[in-house]
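*Asks:* Need coordinates for the below:
(one chain, ligands or ions: 3)
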Amino acid sequence: MSNLKQMVLDYGKVYPGNVLKVDSFLNHQIDPHVIKSIENDFYQYFKNKGITKVLTIESSGIAPALMVAYRFDVPMLFAKKALPSTIKSEDKYETLVHSYTKNTSSNVFISKEYLDKDDKVLIIDDFLANGEAAAGLADLIEQSGAETVGIGICIEKSFQPGRERLEKAGYDVYSTCRIKSLGDGKIEFYE
Ligand code: G4P
Ligand code: NA
Ligand code: NA
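*Replies:* Ligands and ions are numbered 1, 2, ... in the order given. I've put the predicted structure just below:
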């Protein structure tokens, strides 16, 4: 069992509404060794894809995305949830991301400067639930003319529709930890 799965079992807390809290090692306090332990899985899966950039969304995607980008030796770019005053509206790509957990919709942005039509982009995020964040990131990539070569997820809640939705849209989704169920507060993995 990977270090991430072991940490999920040992320290993950299940909350009502099928929410898994991993604040002690991934979402608030971050254990670099846990992220380091899955970085090679992403590398092995996507290494022949010619990746030129890693894209995530702030805030909790940044830590895993940074380590994966370091391994691929490419820049890491993150979509921002607030528009910086220094980016003019014509200089940004923008997309709407709905959060089912928070029941809000918000725009996320990237500066046009950092995505090029020749880029081959790997999306990395900490969680996959409904797939809204990943679909929004793929939309930003599409607007730039670049290519989404894959989506790498640390923790996938496989009982939610995210993976199916992204696969239907044609994306290659790879997750280092796939959770089959969180029923009765018990964490069950695939495999
Ligand atoms: P989606 O992107 O897959 O559609 O996720 P959804 O709208 O359902 O969830 C919104 C936020 O909650 C996302 O973070 C997502 O990563 C996170 N999330 C979803 N399910 C879980 C869960 O069971 N546990 C934890 N810890 N997070 C979950 P976000 O709003 O973008 O916030 P952040 O990146 O600033 O933390
Ligand atoms: Na999050
Ligand atoms: Na996230």
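*Asks:* What separation do you get for the closest residue to Ile30 other than its chain neighbours and Met1?
*Replies:* Nearest in space to Ile30, with sequence neighbours left out and distances taken as C-beta to C-beta, 6 or more residues apart in numbering, is Ala63 at 5.0 Å. (Each C-beta comes from the backbone N, C-alpha and C, glycine too.) Remark: distance between Ala63 and Met1 (C-beta to C-beta, to the nearest Å) = 21 Å.
*Asks:* Only alpha carbons, please: show the lengthiest helix in the chain as CSV.
*Replies:* The longest helix of the chain (DSSP state H) is helix 32-46. Taking Å, rounded to 0.1, in the frame of the first residue of the first chain, the C-alpha atoms of helix 32-46 are listed here in CSV:
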residue,chain,number,x,y,z
PRO,A,32,6.1,16.6,1.9
HIS,A,33,6.9,12.9,2.2
VAL,A,34,3.4,11.9,1.4
ILE,A,35,3.4,14.0,-1.8
LYS,A,36,6.9,12.8,-2.6
SER,A,37,5.6,9.2,-2.3
ILE,A,38,3.1,9.6,-5.1
GLU,A,39,5.1,11.9,-7.4
ASN,A,40,6.8,8.9,-9.1
ASP,A,41,3.4,7.3,-9.8
PHE,A,42,2.4,10.3,-11.8
TYR,A,43,5.8,10.4,-13.5
GLN,A,44,5.7,6.8,-14.6
TYR,A,45,2.1,7.1,-15.9
PHE,A,46,2.6,10.3,-17.9
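*Asks:* Can you tell me which helices and strands the helix or strand just after it packs against?
*Replies:* Note on helix 32-46: by DSSP states H and E, the next helix or strand toward the C-terminus is strand 53-57. Strand 53-57 sits against helix 62-72, strand 76-79, strand 120-128, helix 132-144, with contacts defined as 3 or more C-beta pairs under 8 Å, 6 or more residues apart in numbering; DSSP states H and E.
*Asks:* Is it possible to get TSV of these that adds distance to Val97?
*Replies:* Formatted as TSV, the helices and strands packed on strand 53-57 follow (distance: least, C-beta to C-beta, whole Å):
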stretch	distance to Val97
helix 62-72	16
strand 76-79	8
strand 120-128	11
helix 132-144	4
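*Asks:* So which of those is nearest Asp31?
*Replies:* Counting by C-beta to C-beta, Asp31 lies closest to helix 62-72 out of the helices and strands packed on strand 53-57; the figure is 9.6 Å.
*Asks:* Thanks again, I'm all set now.
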